[in-house]
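In: pasted the sequence and its predicted model underneath.
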Amino acid sequence: MSADPADTARPLPPLHSSPPLLRPVPPGGRAAWAAWAVGASVYLLAVVHRTSLGVAGLDAAARFGIGASALSTFAVLQVLVYAAMQIPVGLLVDRQGARRVLLLGVLLMSTGQLAFAFADSFGPALASRAVLGCGDAMTFISVLRIAAHWFPAAKNPLIAQLTGLVGVGGNLVTTVVLARALHEQGWTATFAAIALAGAGVFALVALVLREGPGHGRRARHDGSAPGLPVGRQIRDAWAEPGTRLGLWVHFTTAFPAAAFGLLWGMPYLVEGQGMSRAAGGGLLTLLVVSNMVFALVFGRTVSRSPRTRMPLSLAVIAATALCWAAVLAWPGGRPPLWLLLVLIAVMGSNGPASLVGLDYARSHNPAERLGTASGIANMGGFVGTVVALLGIGVLLDTLASADGTHTAEAYRWAFCWQYVPMAVGTAMILRLRRGLAH
C-alpha cells in the first residue's frame, strides 16, 4: 500500500514503485494552471450536458408522452453508461493519454446532445442520452490525470475539489441559463446550442492542451505500462484496499444530491411541494452555491491533513441522512421552506465529499494505474445514483394518482428509498476503513 498524500513528496519512493515514479516532482506554476484550466473547461461542458435533463424533466415527460419510470430511465441510462465506462476510460487514460480521451469525450457528448435536440420519440432520445453519458464518462478522470502530471502530490486534493467546483459552475449554468433558455427558446434550439458549444472546446483542447511539463501534446510521460495485461491492471487496482474504500465513499456520499439535481429535485419541489418553477430553480441554485462553498473548505482541509478524510465523509453521510429524515417525517409531507433550505444546503456537501473517495484511490496506487484506480472509485457514486433514480421512479409510478400525478405523500415514500443504498454504503465504509491507517 502506498503512502498518504502528505508522504508522497518524500525523496525516496515506496519499495513497490516502478521506475516511472522516479520522475521529478511536477513544478506547478502558471503553465500547470493553464493546462488544468483547459481540461476543466471540458468538465464544465460535460456537467452542463449531464445536468441538462434536470431542468427539463417535466418538458421531456410532455414531449415524449412518458411517466415517471420512463422519465427516470433517461437519467438512469445516462448515469449507468457513465459508471460502466469508468474502468475502460481509466485504462484508456493510462495507455493513450488524457488529451486524446478528452477529445473523444467532447465529440461523443456533442453528438449525443445534438441527436437529443432533434429527437421526437422516446427510443431515439434514450439512445442519444447513452451516447452523451459515454462522452461524459471520459472527462473527469482525464482532468485529474492532467493535474497529477502538472502539480505536486500534496496539491492534488485541492485541485480535485477545484475541478469539482468548475463542475458546479456547469450545474449553475444549467439551473440559471439553460432553464430560462428552455422556456424562451424551446427544446430543439436550447439543446442544439449546447451541442454546438462543444466545437469551441474541442478546438481548445486540440490546439492548446499539453499533458505534462516539458513534453509535447502526444508524448507518453506518465509512467503508464501499455504492455501490462488489462486484467492484471484492473485486479491490481482492485486489490488495493484504498481503491475499494474510495469506491464506497464515492457511492455513499454522492448519490443523494446527484439524484436530486439530475432529475427528481425539480419535480419534487414543483409537483410535490407546490412551488413555482422559478422558486424550484432558485432552490436548485442553492444546491449549486452550497456545493461551491463546501468544495473550497473540503479541498483545503484534506490537503492540509489527510486524516480528516474519514471523519469528514462520515459526517456528511450522517448530516444528509438526518436532514432527509426531518423532511420526510414532517406531517403531511410538506415541510416548511426553512427546512428545505437546510436540506439542500447540506446536500451541497455531497459532491465535494465524494471526491474524498477519489483521493483514497489516488494516494494508495502507483502512477502507472492511477487512471484505472480512479475509474473504479469514480464508478461508486454513479452506481448509487442509478439505484436511487430508478428506485424513486418506480415508487412514484406505484404511488401515482389515477390521473398520473404525484402527491406530497407519494414523494415522501419514494424518497425514503434513499436510505437503502445509504445504509449499504455506510456499512461497507465502516468495514473497509479497518484496513487503512486513516
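Out: Structure received. Numbering: from 1, shown residues only.
In: count of neighbours near the closest residue to Ile66 other than its chain neighbours?
Out: Nearest residue to Ile66 in three dimensions, chain neighbours excluded: Phe122, at 5.9 Å (CB to CB, 6 or more residues apart in numbering). Yep, even glycine has a C-beta here, placed from its N, CA and C like the rest. When counting by other CB atoms under 10 Å, one arrives at 17 neighbours for Phe122.
In: now Met428
Out: 18.
In: that one sits in which helix or strand?
Out: helix 419-432 (DSSP states H and E).
In: so which elements touch that helix?
Out: The helices and strands touching helix 419-432, judged by 3 or more CB pairs under 8 Å, 6 or more residues apart in numbering; DSSP states H and E, are helix 241-259, helix 309-328, helix 370-398.
In: tell me the buried residues in it?
Out: Judged by neighbour count (16 or more other CB atoms under 10 Å), helix 419-432 contains these buried residues: 421-422, 425-426, 428-429, 432.
In: gap between the spatially closest residue to Gly333 that is not a sequence neighbour and Leu328?
Out: Once flanking residues are discounted, Gly333 sits nearest to Ala408: 3.5 Å by CB to CB, 6+ apart. Separation of Ala408 from Leu328 (CB to CB, to the nearest Å): 10 Å.
In: what of Ala75?
Out: Distance from Ala75 to Leu328, by CB to CB: 21 Å.
In: between the two, who's got more neighbours?
Out: Set Ala75 next to Leu328 and count neighbours by other CB under 10 Å: Ala75 wins out with 28 against 18.
In: secondary structure element holding that one?
Out: Taking DSSP H and E as the criterion, Ala75 maps to helix 68-96.
In: beyond that helix, next helix or strand please.
Out: Next along from helix 68-96, by DSSP H and E: helix 98-118.
In: buried ones in that following helix, by neighbour count?
Out: Neighbour counts using 16+ other CB under 10 Å place 98-117 of helix 98-118 among the buried residues.
In: okay, the angle between that helix and helix 68-96?
Out: For helix 98-118 against helix 68-96, the angle by axes from the mean of the first three to the mean of the last three CA atoms, to 10 degrees is 160 degrees.
In: next one: Arg30 from Ser41, what distance?
Out: For Arg30, the distance to Ser41 - CB to CB - is 17 Å.
In: of these two, give the one with the bigger neighbour count.
Out: Using other CB under 10 Å, the more surrounded residue of Arg30 and Ser41 is Ser41, with 21 against 7.
In: is it true that Arg210 touches Ala32?
Out: No - at 10.1 Å, Arg210 and Ala32 do not qualify as touching, with contact defined as CB atoms under 8 Å.
In: low-confidence ranges in this structure?
Out: 1-28, 214-228, 435, 437-438 (pLDDT under 70).
In: in it, which residue sits furthest out from the middle?
Out: Ala402 (36.0 Å; CA atoms, centre = their mean).
In: name the SS class of that residue, please.
Out: Here Ala402 takes the coil state, with states given by DSSP: H, G, I helix; E, B strand; the rest coil.
In: phi first, then psi, for it.
Out: Torsion angles at Ala402 (phi, psi; degrees, to the nearest 10) stand at phi -60, psi -30.
In: swap in Ala56?
Out: Torsion angles, degrees, to the nearest 10, at Ala56: phi -120, psi 10.
In: quick one: it and Leu182 touch, right?
Out: Yes - with contact taken as CB under 8 Å, Ala56 and Leu182 are classed as touching, separated by 5.8 Å.
In: which of the two has more neighbours?
Out: Ala56 (22 against 18).
In: how many neighbours does Arg232 have?
Out: 11.
In: is it true that Phe298 touches Ala353?
Out: Yes - with contact defined as CB under 8 Å, Phe298 counts as touching Ala353 (6.7 Å).
In: overlap of the contact sets of these two?
Out: Both Phe298 and Ala353 are in contact with Leu312, where contact means CB atoms under 8 Å, 6 or more residues apart in numbering.
In: I'd like the distance between the residue nearest to Ile66 and Phe74.
Out: 9 Å.
In: one more: Gly105?
Out: Remark: distance between Gly105 and Phe74 (CB to CB) = 20 Å.
In: distance check, the spatially closest residue to Leu162 that is not a sequence neighbour against Asn365.
Out: Excluding the flanking residues, the one nearest Leu162 by CB to CB, 6+ apart is Gly299, at 6.4 Å. Taking CB to CB as the measure, Gly299 falls 20 Å from Asn365.
In: and Arg99, by the same measure?
Out: 21 Å.
In: the residue nearest to Leu162 and Asn156 touch, don't they?
Out: No - between Gly299 and Asn156 there is no contact under CB under 8 Å: 9.9 Å.
In: tell me the contacts of Leu204?
Out: Leu204 touches 38, 41, counting by CB under 8 Å, 6+ apart.
In: now it: which helix or strand?
Out: If you go by DSSP H and E, Leu204 is part of helix 187-208.
In: likewise for Gly212?
Out: Assessed by DSSP H and E, Gly212 sits outside every helix and strand.
In: how about the helix holding Leu204: buried residues?
Out: Of the residues in helix 187-208, 187, 190-192, 194-195, 197-198, 201-202, 204-205 count as buried by neighbour count, 16+ other CB under 10 Å.
In: and the nearest residue to Met428 once chain neighbours are set aside, how far is that from Pro366?
Out: Once flanking residues are discounted, Met428 sits nearest to Trp248: 4.2 Å by CB to CB, 6+ apart. Distance of Trp248 to Pro366, given as CB to CB: 21 Å.
In: what about these two, which has more around it?
Out: Trp248 (25 against 20).
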